[in-house]
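[1] Please work out how this folds:
(chains A, B, C and D)
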There are 2 protein chains.
Amino acid sequence: MSNINRSGEPLYMTITNDLKSAICSGEMNPGDMLQSENELAARYGTSRTTVRKSMQLLEHEGLIYSWQGKGYFVAQPVHDTFSIHFSEEERGFDVSYRKVNVIMPDEEIQSALQIGPRQMVIEILRIIRRRDVPVALDVKYIPYDKGTPVLEKELSYAVFPEIAAAKTAPFAFHTEMQISAGLPTERVAGVLGCPMDAPLLTVYRILIDQNDRRVGYGIKYMLPDYGPLCARSGYEF
Amino acid sequence: MSNINRSGEPLYMTITNDLKSAICSGEMNPGDMLQSENELAARYGTSRTTVRKSMQLLEHEGLIYSWQGKGYFVAQPVHDTFSIHFSEEERGFDVSYRKVNVIMPDEEIQSALQIGPRQMVIEILRIIRRRDVPVALDVKYIPYDKGTPVLEKELSYAVFPEIAAAKTAPFAFHTEMQISAGLPTERVAGVLGCPMDAPLLTVYRILIDQNDRRVGYGIKYMLPDYGPLCARSGYEF
DNA sequence: AAGTGGTCTAGACCACTGA
DNA sequence: CAGTGGTCTAGACCACTTG
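    Next up is the predicted model:
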């Protein structure tokens, strides 16, 4: 017996899509109970295992949930969780490194990186331009360990995930982000060449490793010309 | 034979966690090939099916990927996709409805909802306060169909997902969001009682149904006192 | 007790890869 | 060709829910 049916997809995919259609079309609504695994297996002339594969997929997508001893139910949709892409790549922009300094951290940086005032920090400034006009400023701070020299690698990898990768396992990190609106400091206004009352979209990021150590802190100041951040929620069809 | 081992978890979970540890600890790195399903089945004294269940989990989490005919490989971590919660609930704030109007849409609203100038629109204003001080303003626009009367339901459900739910299937929608920084209009400054040069974090949202129809448009203006938006990326442990 | 989902087995055949 | 992952079967026993 072939595993691929006439529609060119495996049977478990057919079952998945049939159920997905029923849910997305409104034929079934949140809280409704689905057919049992045995009923579906009989309906599609297949084994329980194959039906379960479909159910696992739907459950992982958040369309249904299971309740042992009772059955599967249509889930409540989540419409308040958004995905946002915040790439370092800056496609369509020109990026230049302004400076790389070793500095004493101010209080904001000490607090973000959870370090003392005497722990030195590497500061990396990037200016993002469109048609030679600065539209954003990106500043990153990395604790500077005296023992380990500042590697070229680290500076060329002035992108947090890759700095991280150079030091330890790349899956052992997560990033926390805060987005707010603010006014530029004098220094930022100077670099960006904008007035002091220009509203800036500002993104703060802290890179945290598996042991809850702060290994990087970044701030990105964006002028309106940089464009908005885009996000979306919901389900794919 | 019991399905739960001494550690109180099913075998497939043990396998999953063992592999996850190897990846997150840096013992294995992106691009490395994992043991084959048959090798793992032998190593854990179990069947290929159980091993596959573990692999599916890890693949779904984005830690590994499979290549038919070759094997499983540790994936490149994604550190530029963030999850952001943007709830309507406004926990910790006081919310009051200021007005509900039926209006003629201006050009911005026409463009967002993809409607003509003569299609009427319902406008709903919410003011969000902390300790009696306005910290955010939320405006929503919904196309007003002459045929269907404005239901009380719709006004009390002045939350997009639920308006949607009242009309059709709740899984048939997605939301697109833009986040930017800007200055208030006179009207917004008036309602929020803020100066004209206060930087506002502004979130625009469009609710889109399965047929690509725009069914709602919302704008939320947030003063610095409202607090930042928070997001995170990375893997759970 | 009957029905549900959760875990697991020991096979089968297929499509794909690389030597 | 042998080895890999992809699909699928026809069972088994378990834990849980409901009547």
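
[2] and chain A, which of its residues are near DNA strand D?
    Chain A has residues A:1, A:3-5, A:10-13, A:45-50, A:53, A:67-70 near DNA strand D, with proximity defined as Cβ under 7 Å from any atom of the strand. Quick note: C-beta positions are derived from backbone N, CA and C, even for glycine.

[3] give me that answer again for 10 Å
    A:1-5, A:9-16, A:37, A:41, A:44-54, A:67-71 (Cβ under 10 Å from any atom of the strand).

[4] Would you mind checking the residues you listed for buried ones?
    A:10-16, A:37, A:41, A:44, A:46, A:50-54 (16 or more other Cβ atoms under 10 Å in any protein chain shown).

[5] rewinding a little: in strands only, show me the residues of chain A next to DNA strand D.
    Counting by DSSP state E, the part of the residues of chain A next to DNA strand D found in strands is A:67, A:71.

[6] residues touching residue A:183, list them.
    A:196, A:197, A:198, A:199, A:200, B:199 (Cβ atoms under 8 Å, 6 or more residues apart in numbering or on different chains).

[7] meant to ask about residue A:128
    Counted by Cβ under 8 Å, 6+ apart, residue A:128 has contacts A:90, A:93, A:94, A:95, A:134, A:135, A:136, A:137, A:138, A:226.

[8] Sticking with the fourth one, tell me its helix or strand.
    Which is residue A:95. strand A:94-103 (DSSP states H and E).

[9] and whichever helix or strand comes after that strand with chain B, contact?
    For strand A:94-103, the succeeding helix or strand toward the C-terminus, using DSSP H and E, is helix A:107-113. No: Helix A:107-113 lies apart from chain B when judged by Cβ under 8 Å from any Cβ of the partner chain; the minimum separation is 13.3 Å.

[10] who are the neighbours of helix A:107-113, in terms of helices and strands?
    Secondary-structure packing of helix A:107-113 (3 or more Cβ pairs under 8 Å, 6 or more residues apart in numbering or on different chains; DSSP states H and E): strand A:133-143, strand A:200-209, strand A:214-222.

[11] on that earlier part again, figure out how far the strand holding residue A:95 is from the centre of its chain.
    25 Å (Cα atoms, centre = their mean, to the nearest Å).

[12] how about it: buried residues?
    Of the residues in strand A:94-103, none is buried (16+ other Cβ under 10 Å).

[13] now the helices for chain A?
    In chain A, the helices defined using DSSP state H lie at A:11-24, A:37-43, A:48-60, A:107-113, A:152-156, A:160-167, A:186-192.

[14] Lowest mean pLDDT across these, which one is that?
    In terms of mean pLDDT, the lowest-scoring of those is helix A:152-156 (a mean of 43).

[15] among the helices and strands packed on helix A:107-113, which is nearest chain B?
    strand A:200-209 (3.9 Å; Cβ to the nearest Cβ).

[16] Leaving out the residues flanking it, which one is nearest to residue A:57?
    Distances taken as Cβ to Cβ, 6 or more residues apart in numbering or on different chains place residue A:16 nearest to residue A:57, at 5.1 Å, with adjacent residues excluded.

[17] quick one, what contacts the one you found?
    So residue A:16 contacts A:54, A:57, A:58 (Cβ under 8 Å, 6+ apart).

[18] still on that earlier bit, so which of the buried ones among the residues of chain A next to DNA strand D comes closest to DNA strand C?
    For those, the minimum distance to DNA strand C (Cβ to the nearest atom of the strand) is 3.5 Å, reached by residue A:37.

[19] Please list all residues in contact with the closest one.
    So residue A:37 contacts A:48, A:51, A:52, A:55 (Cβ under 8 Å, 6+ apart).

[20] What separation do you get for it and residue A:8?
    Distance, residue A:37 to residue A:8, using Cβ to Cβ, to the nearest Å: 25 Å.

[21] my guess is residue A:175 contacts residue B:233, does it?
    Yes: when contacts are counted by Cβ atoms under 8 Å, residue A:175 is listed as touching residue B:233 (4.7 Å).

[22] Overlap of the contact sets of those two?
    Common neighbours of residue A:175 and residue B:233, counting by Cβ under 8 Å, 6+ apart, are B:79, B:82.

[23] returning to that earlier point: dump the helices of chain A into JSON lines; add distance to residue B:86 as well.
    Listed next are the helices of chain A as JSON lines, based on distance: least, Cβ to Cβ, whole Å:
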{"stretch": "helix A:11-24", "distance to residue B:86": "22"}
{"stretch": "helix A:37-43", "distance to residue B:86": "36"}
{"stretch": "helix A:48-60", "distance to residue B:86": "23"}
{"stretch": "helix A:107-113", "distance to residue B:86": "24"}
{"stretch": "helix A:152-156", "distance to residue B:86": "35"}
{"stretch": "helix A:160-167", "distance to residue B:86": "24"}
{"stretch": "helix A:186-192", "distance to residue B:86": "27"}
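
[24] In a markdown table: those helices, plus distance to DNA strand C.
    Formatted as a markdown table, the helices of chain A follow (distance: least, Cβ to the nearest atom of the strand, whole Å):
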| stretch | distance to DNA strand C |
| --- | --- |
| helix A:11-24 | 12 |
| helix A:37-43 | 4 |
| helix A:48-60 | 5 |
| helix A:107-113 | 40 |
| helix A:152-156 | 30 |
| helix A:160-167 | 25 |
| helix A:186-192 | 49 |
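
[25] quick one: which of the ones you listed is nearest residue B:109?
    helix A:11-24 (27.7 Å; Cβ to Cβ).

[26] show me the contacts for the closest residue to residue A:180 other than its chain neighbours.
    Nearest non-adjacent residue to residue A:180, counting by Cβ to Cβ, 6+ apart: residue B:228, 4.0 Å away. Shown in contact with residue B:228 (Cβ under 8 Å, 6+ apart): A:178, A:179, A:180, A:204, B:201.

[27] What values do phi and psi take at residue B:228?
    phi -80, psi 160 (degrees, to the nearest 10).

[28] Surely residue A:54 and residue A:19 touch.
    Yes: in this structure, residue A:54 is within contact of residue A:19 by Cβ under 8 Å, at 6.8 Å.

[29] I'd guessed residue A:15 sits against residue A:49; true?
    No: look at residue A:15 against residue A:49 with Cβ under 8 Å: they stay out of range, at 11.8 Å.

[30] still on that earlier bit, make a PyMOL selection of whichever of the contacts of residue A:183 turn out to be buried.
    Applying 16+ other Cβ under 10 Å to the contacts of residue A:183, the buried members can be selected in PyMOL as follows:
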select buried, (chain A and resi 198+199+200) or (chain B and resi 199)
